[in-house]
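Chemist: Just the structure for this:
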Amino acid sequence: MRAKTKLIHGIHIGDPLTGAVTVPIYQTSTYKQEAVGKHKGYEYSRTGNPTRSALEETIAVVENGHAGFAFGSGMAAITAIMMLFSSGDHVVLTDDVYGGTYRVMSKVLNRFGLEHTFVDTTSLEEVEAAIKPNTKAIYIETPTNPLLKITDIQKVSELAKQHNLLTIVDNTFMTPYWQTPISLGADIVLHSATKYLGGHSDVVAGVVVVNNEQLAQDLHFVQNSTGGILGPQDSFLLLRGLKTLGVRMEEHEANAHAIVEFLQNHPKVKKVYYPGLEQHPNYETAKQQANGFGAIVSFDVDSEETLTNLMSKVKYFTLAESLGAVESLISVPAKMTHASIPVERRAELGITDTLVRISIGIEDGEDLIEDLEQALS
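Modeler: Below you'll find the model as predicted:
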C-alpha cells in the first residue's frame, strides 16, 4: 500500500455499528459495563476513547510502528516519553532543537534528576562522546528547528543499539509522508501534530509511535497515569487532517523549491537554510533517508531594518508561531519560538537576530514569491 492510500485506508474506515464513513466523535467520559470488570474494550476515556483509538491506530500504521498514542500537545508527548526514564538517567539530545524541548529538559525535567547533554547529532563522533554509563536514549530532531540540520537516523540508531540505548526521533518537519524513522531503526517517533498532521491551524496535539509491545505498555502506563490525553474532538480533526497529508505535503514542497530559488538570488538574503539545496552540508543524508525535503525554510537577511520591513509588509505570510498549516507563516526564531533559549546559546548555534523562518503553505507559489519580493524591497 502506497503512502497516500495508507493515509486513507491504513486502518478500518468509519463506524461498523452504523456504517458512517468517518469515525464518530465519541464525546463521552465513561462507558456502561455489562458486569463488574466486564466491558466492551472501554471503561474510562482517560484510559481509552474510540475516536482517539482510531487516531492512534492510524498514526501507528502510517509511521510503520507497533502502537500509537495521542496527547494534548507536542510538549505533552515529549514529556510523557521522558517519563519512561528515572531520576539519574541521562539523555543525549540534538543541540539545535525546538525551544520548548530545550526548555522542558533544562528547566523542568532536570529538577526531577533527569540529566541531559545537547550535542550536534549530525556528528556521530560527538554523539558517541556524549554517551555516559547512565545514558538511556539519544533524542534527535531532524530536520532541526530552525537551522534545518539533518541527522543520519540509521547511523544514530545503530550506534544506540551498540550501547543498548533507545533512539527517539522528532519527525514533525518531515511527517510520515516523507520520512519513517522506525523503518530506519528508531524506537520512538513523535510529532507535534499541531503542525502538518493537523495541517489547518485548528488543533493542538502531539502523537507518539513506538516500535514494540514493551514500549507500548510502558508509554500507555505513563499516558494513563499522568492523563495528558487528546480529547475526541481534536482526535477527529487529526484523523481528518491525515487524509489529506500526502497531497498537502506535495504542494508545500513544490512551493518551497520555487521560493528557495528566489531567496538564493535576492541581494538582501545572506544565507538560505534548506536541506533540499545541494550545497547543504547534509544534503546527501536528507536525500537518502527521506522521500522529500519538506517546506520549512530559514534564511538570514542583511540587517535589522530589512527584517523589520519584511515582517511589517508581508501580506500572504502570517506573522505567527507554529508551522505546517495550509497558510504560509513567518517568524523570527530568536524572538519567538526560540526566545526561551539563552542569547549566548543561540549565538553558539547560529540562531541570529536576523534569522527568519518561513513555513510555506499551499497558496499559489507565484503569489508567495511576489509577496516576499515586495516586502524585501
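Chemist: Let me see the contact set for the closest residue to residue 218 other than its chain neighbours.
Modeler: Leaving aside its sequence neighbours, residue 218 sits nearest to residue 84 (CB to CB, 6 or more residues apart in numbering; 5.7 Å). Any C-beta I mention is one placed from the backbone N, CA and C, and that applies to glycine too. Residues near residue 84 by CB atoms under 8 Å, 6 or more residues apart in numbering: 166, 215, 218-219, 222.
Chemist: Looking at those, spot the one nearest residue 105.
Modeler: Of all the contacts of residue 84, the one sitting nearest residue 105 is residue 166; the distance, using CB to CB, is 15.4 Å.
Chemist: So what's the residue count around that closest one?
Modeler: Number of residues near residue 166 (other CB atoms under 10 Å) recorded here: 22.
Chemist: Quick check: phi and psi on it?
Modeler: With angles defined as degrees, to the nearest 10, residue 166 sits at phi -80, psi 150.
Chemist: Not counting its neighbours along the chain, what's nearest it?
Modeler: residue 137 is the one closest to residue 166 (CB to CB, 6+ apart), at 4.1 Å.
Chemist: tell me the SS of the one you found?
Modeler: Using DSSP: H, G, I helix; E, B strand; the rest coil, the structure places residue 137 in strand.
Chemist: what about it, how many neighbours?
Modeler: Neighbours of residue 137 using other CB under 10 Å come to 22.
Chemist: That one against residue 86, yeah?
Modeler: No: using CB atoms under 8 Å, residue 137 makes no contact with residue 86, being 11.9 Å away.
Chemist: one step back: dump the contacts of residue 84 to TSV, plus secondary structure.
Modeler: Shown next, in TSV, are the contacts of residue 84 (three-state DSSP):
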residue	secondary structure
166	strand
215	helix
218	helix
219	helix
222	helix
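Chemist: Now, of these, which are buried?
Modeler: Listed as buried from the contacts of residue 84 are 166, 215, 219, 222; burial here means 16 or more other CB atoms under 10 Å.
Chemist: Tabulate the residues you listed (JSON lines), appending pLDDT and distance to residue 7.
Modeler: Output for the buried ones among the contacts of residue 84, formatted as JSON lines (pLDDT from 0 to 100; distance: CB to CB, whole Å):
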{"residue": "166", "pLDDT": "99", "distance to residue 7": "27"}
{"residue": "215", "pLDDT": "98", "distance to residue 7": "24"}
{"residue": "219", "pLDDT": "98", "distance to residue 7": "23"}
{"residue": "222", "pLDDT": "98", "distance to residue 7": "27"}
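Chemist: Show me which of the residues you listed is closest to residue 50.
Modeler: Of the buried ones among the contacts of residue 84, the one sitting nearest to residue 50 (CB to CB) turns out to be residue 219, at 19.4 Å.
Chemist: From residue 47, how far out is that closest one?
Modeler: 13 Å (CB to CB, to the nearest Å).
Chemist: same check, this time on residue 234
Modeler: Using CB to CB, residue 234 is found at 17 Å from residue 47.
Chemist: And the two? Which one has more around it.
Modeler: Taking neighbours as other CB under 10 Å, residue 234 and residue 47 compare with residue 234 leading, 24 against 13.
Chemist: Hmm, residue 200 and that one touching each other?
Modeler: No: counting by CB under 8 Å, residue 234 stays clear of residue 200, with 11.9 Å between them.
Chemist: May I ask which helix or strand of this structure has the lowest mean pLDDT?
Modeler: Taking mean pLDDT, DSSP states H and E as the measure, the chain has helix 343-349 as its least confident helix or strand, at a mean of 87.
Chemist: if I pick residue 263, what's in contact with it?
Modeler: 269, 272, 297, 299, 372 are the contacts of residue 263 under CB under 8 Å, 6+ apart.
Chemist: ok, the first one - contacts?
Modeler: Meaning residue 269. Residue 269 makes contact with 263, 299-302, 376 under the criterion CB under 8 Å, 6+ apart.
Chemist: same thing with the fourth one?
Modeler: Applying CB under 8 Å, 6+ apart, one finds that residue 299 lies in contact with 263, 269-273, 355-356, 358.
Chemist: Phi and psi next, for it.
Modeler: Dihedral angles (degrees, to the nearest 10) for residue 299: phi -150, psi 150.
Chemist: What pLDDT does the model give it?
Modeler: Model confidence at residue 299, given as pLDDT, is 98.
Chemist: Distance check, it against residue 103.
Modeler: According to CB to CB, residue 299 stands 25 Å off from residue 103.
Chemist: Equivalent analysis for residue 296, please.
Modeler: As judged by CB to CB, residue 296 and residue 103 stand 20 Å apart.
Chemist: same check, this time on residue 20
Modeler: Counting by CB to CB, the gap from residue 20 to residue 103 is 41 Å.
Chemist: Same question for residue 280.
Modeler: Using CB to CB, residue 280 is found at 27 Å from residue 103.
Chemist: Kindly provide the distance from residue 50 to residue 17.
Modeler: 10 Å.
Chemist: between these two, which one's more packed in?
Modeler: With neighbours defined as other CB under 10 Å, residue 50 and residue 17 compare such that residue 50 has more, 20 against 7.
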